[in-house]
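[1] Provided below for reference: sequence and predicted model.
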Amino acid sequence: MLVRSDADVLFDGFPGLLWALRFDAGGQATSIEAGNPLEAAGTGWCWLHFNQSDARSAQSVMRLPLSEDACEILLSHDTHVILQRQEDSAYGILVDWEHQRAGGSAPRTPGQHDGLGWLHFAIGDGLLVTARRQPLRSVETVRRQLCAGERGASPARVLEAIAEHFADSVERATNDLSESLDRIEDRVLADAIGDERRDLASLRHRSVRLHRPLTAMRRVLKQFEQRHAADEEEDELLPVASRLGQRFDDLDGDVSTLQERARLLQDEVAAKLAERTNTHLYVLSMITALLLPPSLVVGIFGMNLHGLPFADHRAGASAALVLCGLSSLAVYLMLRRLGVSRST
């Protein structure tokens, strides 16, 4: 059942609209509290943010002065990065981390859900429209900064700020992973291997979670830049894509280096554990070889038959023990001569 929210009452005729900001000619943001947000723009521009989980958002989006393709992107549930330009408008999908209202700044720990969210956006004439299914961290951060006095010169610069905040969170997560990898590497070099295999597996899992959205962003931004590099008209989105592409290239390079270090370190841990296992098997094999002759002697003297040596001798048990020791010594000398024995 759909429940009429306070936003429905404030923004009459725009159900599903979560909040709206109006920007003046200088880029100063002012929150639109009620009424028709399109009529409140004046000489500036507006940022409208919709909730995709509200089925009524579709009727609100269709009322906006946007192309059919842009409206389709805003209402779609696609989960891959897109960036397209169409004459004077642009639309697409960016990746972000889901917003944890009581959480920290790092992405979620690995689990069934990777913590990624998707920001659908469209840029029109004096209008930036965004939509999401779950609260997004970077969007919320940028909104608060704009409401606190930071300036948003244009829709393209606001989108750049959102992507930059996402990149900052990835960079912080990468630095945390690098520090964890350094600690694991120190323990491995000190030959103090404990839970390093499990820690490295977890670290590689988290690095893969960082690598996937970075690769998607890099690819789409590079393709957008290549498609529109020869355009004669100035497009503010093109230099934004170029700057973001360079930033994500650098981040992805750092994550790839981290993955390679983790893989090599995991191989080294596996080699050390294999060497340790081989040493244990060698010791066990040597003990087994040395105990086999005494076991044979004890087995022979344990037979309940007539004519056994030392059966009636008073020092028979001592003689049998000496014979056991000599048999072990003989096997040990033979192994030394064959080169099987070695120091551990």
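    Arrived safely, thanks for sending.
[2] ranges for the helices of the stretch 151-300 of the chain?
    Per DSSP state H, counting those that start in this stretch, the stretch 151-300 of the chain carries helices over the ranges 155-189, 196-228, 237-301.
[3] Now render these as a markdown table, adding distance to Leu119 and mean pLDDT.
    Where C-beta positions appear, they are placed from N, C-alpha and C, glycine not excepted. Shown next, in a markdown table, are the helices of the stretch 151-300 of the chain (distance: least, C-beta to C-beta, whole Å; pLDDT from 0 to 100):
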| stretch | distance to Leu119 | mean pLDDT |
| --- | --- | --- |
| helix 155-189 | 7 | 91 |
| helix 196-228 | 12 | 88 |
| helix 237-301 | 14 | 84 |
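[4] now these as TSV including distance to Arg56 and mean neighbour count?
    Below are these laid out as TSV (distance: least, C-beta to C-beta, whole Å; neighbours: other C-beta atoms under 10 Å):
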stretch	distance to Arg56	mean neighbour count
helix 155-189	24	18
helix 196-228	30	18
helix 237-301	30	15
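[5] Compare the ones you listed and give me the one nearest Ile82.
    Ile82 lies closest, by C-beta to C-beta, to one member of those: helix 196-228, at 6.7 Å.
[6] Apart from its chain neighbours, what residue comes closest to Gln59?
    In space, and not counting its chain neighbours, Gln59 is closest to Pro15: 7.0 Å by C-beta to C-beta, 6 or more residues apart in numbering.
[7] what about that neighbour, which SS state?
    Judged by DSSP: H, G, I helix; E, B strand; the rest coil, the three-state class of Pro15 is coil.
[8] Would you check that it makes contact with Ser57?
    Yes. Counting by C-beta atoms under 8 Å, Pro15 touches Ser57, with 7.0 Å between them.
[9] check contacts around Glu68.
    Shown in contact with Glu68 (C-beta atoms under 8 Å, 6 or more residues apart in numbering): no residues.
[10] go again using 10 Å as the cut-off
    Glu68 sits next to 62, 86 when contact means C-beta atoms under 10 Å, 6 or more residues apart in numbering.
[11] Report how many residues lie close to Gly44.
    18 (other C-beta atoms under 10 Å).
[12] just Pro135 next, same as before
    Neighbour count of Pro135, defined by other C-beta under 10 Å: 15.
[13] picking that back up, quick check: the gap between the residue nearest to Gln59 and Leu74.
    Counting by C-beta to C-beta, to the nearest Å, the gap from Pro15 to Leu74 is 14 Å.
[14] Overlap of the contact sets of Pro15 and Ser57?
    Each of 50-51 lies in contact with both Pro15 and Ser57 under the rule C-beta under 10 Å, 6+ apart.
[15] quick revisit: okay, Pro15 and Leu74: which has more neighbours?
    Neighbour count, other C-beta under 10 Å: between Pro15 and Leu74, Leu74 has more, with 25 against 20.
[16] check contacts around the more buried one.
    Each residue near Leu74 by C-beta under 10 Å, 6+ apart is listed here: 48, 50, 52, 57-58, 60-62, 64, 66, 91, 93, 120-122, 129-131.
[17] Out of those, which sit inside strands?
    48, 50, 91, 93, 120-122, 129-131 (DSSP state E).
[18] how about those in CSV, adding distance to Ser31 and neighbour count?
    What follows is these, written out as CSV (distance: C-beta to C-beta, whole Å; neighbours: other C-beta atoms under 10 Å):
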residue, distance to Ser31, neighbour count
Leu48, 12, 24
Phe50, 16, 27
Tyr91, 24, 23
Ile93, 25, 21
His120, 22, 25
Phe121, 19, 26
Ala122, 21, 27
Val129, 16, 27
Thr130, 15, 23
Ala131, 18, 27
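[19] For the residues you listed, which two are the farthest from each other?
    Leu48 and Ile93, at 16.6 Å, using C-beta to C-beta across the ones in strands among the contacts of Leu74.
[20] ok so, going back, and the ones in strands among the contacts of Leu74, which is closest to Val322?
    For the ones in strands among the contacts of Leu74, the residue nearest Val322 by C-beta to C-beta is Ile93; the value is 84.7 Å.
[21] Please name the nearest non-neighbouring residue to that closest one.
    In this structure, Ile93 finds its nearest non-sequential neighbour in Ile82, 4.5 Å apart by C-beta to C-beta, 6+ apart.
[22] just Ala330 next, same as before
    Leaving aside its sequence neighbours, Ala330 sits nearest to Pro293 (C-beta to C-beta, 6+ apart; 7.1 Å).
[23] Test my guess that that neighbour contacts Leu326.
    Yes. Using C-beta atoms under 10 Å, Pro293 is in contact with Leu326, at 8.6 Å.
[24] check contacts around Pro294.
    320-321, 323-328, 331.
[25] again with Glu260
    Contacts here follow C-beta under 10 Å, 6+ apart; on that basis Glu260 touches Ser207.
[26] Going forward, count from 54.
    With the count now opening at 54, the last piece we talked about shows up as Glu313.
[27] Distance of it relative to Val182?
    41 Å.
[28] again, but for Asp235
    In terms of C-beta to C-beta, Asp235 sits 44 Å off from Val182.
[29] before we move on, what about Ser113?
    Ser113 is 10 Å from Val182, where distance means C-beta to C-beta.
[30] what is in contact with these two at once?
    70, 101, 103, 127.
[31] Can you tell me the element the last one falls in?
    Put plainly, it is Leu127. In this structure, Leu127 sits in helix 121-128 according to DSSP states H and E.
[32] Right, I'll leave it there.
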